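Enquirer: just the structure for this:
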Amino acid sequence: MTELALRYARFTGRHPIVLTVPRGSVTRAHLPNSQAKAHLVTAVLKARAAAGEELELFGTATAELNARGRERLRRRVGAVSPVVGLINNLNAWENISLPAAYHGSPPLERVAEIAQEVLQRFGAEPQAFLARLPDDLDRLERKIAAFVRLLVAAPELAVFDALDEGLSRQESAGLSRFETEYRSRQPAGTLLYVDTKET
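Expert: So this is what the prediction gives:
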């Protein structure tokens, strides 16, 4: 039997949703609307299902979790999503390093190494990029900053929420690098792309 990274069901609204994501897979889910998508991403990131929803992460039913168990699961997931946007009054470096500084892991020296490696691969000059505020970054750059933050957290399940939204065709063509970079660091990790349009 295939082990699942995620099982999610939502029975409220006009369109019932049942989604299963095998561990180690790359799964693309097309949700009926932006509200349904936001419900899914929020449930996964909080490891908590709302009324009318069911959620299992890595084989664990989240409804049965205590606070400690919920936090352990939350640390195994991450997202590049408007649901977890950048903090406007912190520069890119502060946004990227804040979770590591809060949790005490990984060391900030390692965070800096990851940021420099990834930003250079995306063609950015790390020092200048990291000094800028989110409002000074374009849409693709904000997604890159959020992606570096995700890589620092090293989640077993990474959710890419409407990754190409607001980007030009040329910018969208380079988004495969997100998957490549994640896979190079998390070979056994699980990727879930969520969107509201059929492709």
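Enquirer: quick one, helices of this protein?
Expert: Using DSSP state H, the helices of the chain run over 34-46, 67-74, 92-103, 108-121, 126-130, 139-153, 169-173, 176-185.
Enquirer: tell me the angle of the last one relative to helix 108-121?
Expert: Going by axes from the mean of the first three to the mean of the last three CA atoms, to 10 degrees, helix 176-185 is angled at 140 degrees with respect to helix 108-121.
Enquirer: check the offset of helix 176-185 from the chain's centre.
Expert: Its chain's average C-alpha position is 13 Å from that of helix 176-185, according to CA atoms, centre = their mean, to the nearest Å.
Enquirer: with the first one instead?
Expert: Centroid displacement of helix 34-46 relative to its chain, using CA atoms, centre = their mean, is 11 Å.
Enquirer: by how many degrees do that helix and helix 67-74 diverge?
Expert: 110 degrees.
Enquirer: what is the burial count for residue 127?
Expert: Other residues near residue 127 number 10, with proximity taken as other CB atoms under 10 Å. Bear in mind the C-beta positions are built from the backbone N, C-alpha and C, glycine included.
Enquirer: grab the most central residue of the protein for me.
Expert: With distances taken as CA atoms, centre = their mean, the residue of the chain nearest its centroid is residue 79 (1.0 Å).
Enquirer: correct me, but that residue touches residue 157?
Expert: No. Using CB atoms under 8 Å, residue 79 is not in contact with residue 157; the gap is 9.0 Å.
Enquirer: find the residues that touch each one of these two.
Expert: Common neighbours of residue 79 and residue 157, counting by CB atoms under 8 Å, 6 or more residues apart in numbering, are residue 44.
Enquirer: what's around residue 188, how many residues?
Expert: Residue 188 has 8 nearby residues by other CB under 10 Å.
Enquirer: doesn't residue 22 make contact with it?
Expert: No. Contact criterion CB under 8 Å: residue 188 and residue 22 do not qualify, at 11.8 Å.
Enquirer: quick revisit: quick check: which of the helices of the chain is buried the most?
Expert: helix 139-153 (a mean of 22; mean count of other CB atoms under 10 Å).
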